[in-house]
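S.K.: Predicted coordinates and the sequence they were generated for:
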Amino acid sequence: MQCSACDLVGSKLSDSLDSKIATSFKKWSPKIRLTKIRAAMKKACTKTEAMQIAVSGSTGQRQFGDFNEMMKRGGTMTGLSMTPEHSKALKSLCEAVVDDHADQLVSLMSASVKAGKRLLDFKLRDELCENMLAACHKPEKAPRGFYDDDEDDPNDEDENDEL
């Protein structure tokens, strides 16, 4: 559930970096950047409480999600739970992230812009969820010839033993 919660918070915080902030970011001093970004992120956090957040999945695989997005995807939802506490928990997580990590995020954004990248191309969710909080892990690329599904691998000795 940690990764799905971080995904939702990361998306909200990333959405707070609108074009108005992006066009002015380079002109601002580091102190102004932190103040403006922190304020925009705090405002984004308040919006999470208004979202319809649900938790779904079987034990050990439960995930936070936007209920409306879940409905659009369709399919079967097991163990669906939707209470105001889920939205409040995400809001609290969002505010804690801003309080604890806004200065580091703004520093990374500044370095990215200084390196010639656009602010809107900054991968806030990846930086936050994969690197800073380690709530989500980058998918590792499988080596060539690696079978990660249920298909038969002719080189898999375990499968040949069953015959």
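M.R.: Thanks, I have the structure now. Note that the structure is predicted; figures quoted are calculated from it, not measured. Residues are numbered from 1 along each chain as shown.

S.K.: Distance check, the closest residue to Arg125 other than its chain neighbours against His137.
M.R.: Once flanking residues are discounted, Arg125 sits nearest to Gly10: 3.3 Å by CB to CB, 6 or more residues apart in numbering. All C-beta atoms are positioned from the backbone trio N, CA, C, and that covers glycine. Gly10 sits 14 Å away from His137, going by CB to CB, to the nearest Å.

S.K.: hey, where'd the helices end up in the protein?
M.R.: In the chain, the helices defined using DSSP state H lie at 2-15, 19-24, 30-48, 67-73, 84-114, 124-125, 157-161.

S.K.: Of all the ones you listed, which one is nearest Ser56?
M.R.: Distance to Ser56, taken as CB to CB, is lowest for helix 67-73 among the helices of the chain, at 6.7 Å.

S.K.: which secondary structure elements does the closest one contact?
M.R.: Packing partners of helix 67-73 (3 or more CB pairs under 8 Å, 6 or more residues apart in numbering; DSSP states H and E): strand 53-56.

S.K.: What's the mean pLDDT across the strand it packs on?
M.R.: Mean per-residue pLDDT for strand 53-56: 82.

S.K.: What is the neighbour count of the residue nearest to Arg125?
M.R.: Residues lying near Gly10 (other CB atoms under 10 Å) number 24.

S.K.: tell me, how many neighbours does Ala50 end up with?
M.R.: Close neighbours of Ala50, defined as other CB under 10 Å, add up to 9.

S.K.: ugh, typo on my part, it should be Ser24
M.R.: With other CB under 10 Å as criterion, Ser24 counts 13.

S.K.: and the helices of the chain as JSON lines, adding mean pLDDT and distance to Met132?
M.R.: Below are these laid out as JSON lines (pLDDT from 0 to 100; distance: least, CB to CB, whole Å):
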{"stretch": "helix 2-15", "mean pLDDT": "91", "distance to Met132": "10"}
{"stretch": "helix 19-24", "mean pLDDT": "91", "distance to Met132": "20"}
{"stretch": "helix 30-48", "mean pLDDT": "94", "distance to Met132": "14"}
{"stretch": "helix 67-73", "mean pLDDT": "76", "distance to Met132": "25"}
{"stretch": "helix 84-114", "mean pLDDT": "94", "distance to Met132": "6"}
{"stretch": "helix 124-125", "mean pLDDT": "94", "distance to Met132": "10"}
{"stretch": "helix 157-161", "mean pLDDT": "47", "distance to Met132": "39"}
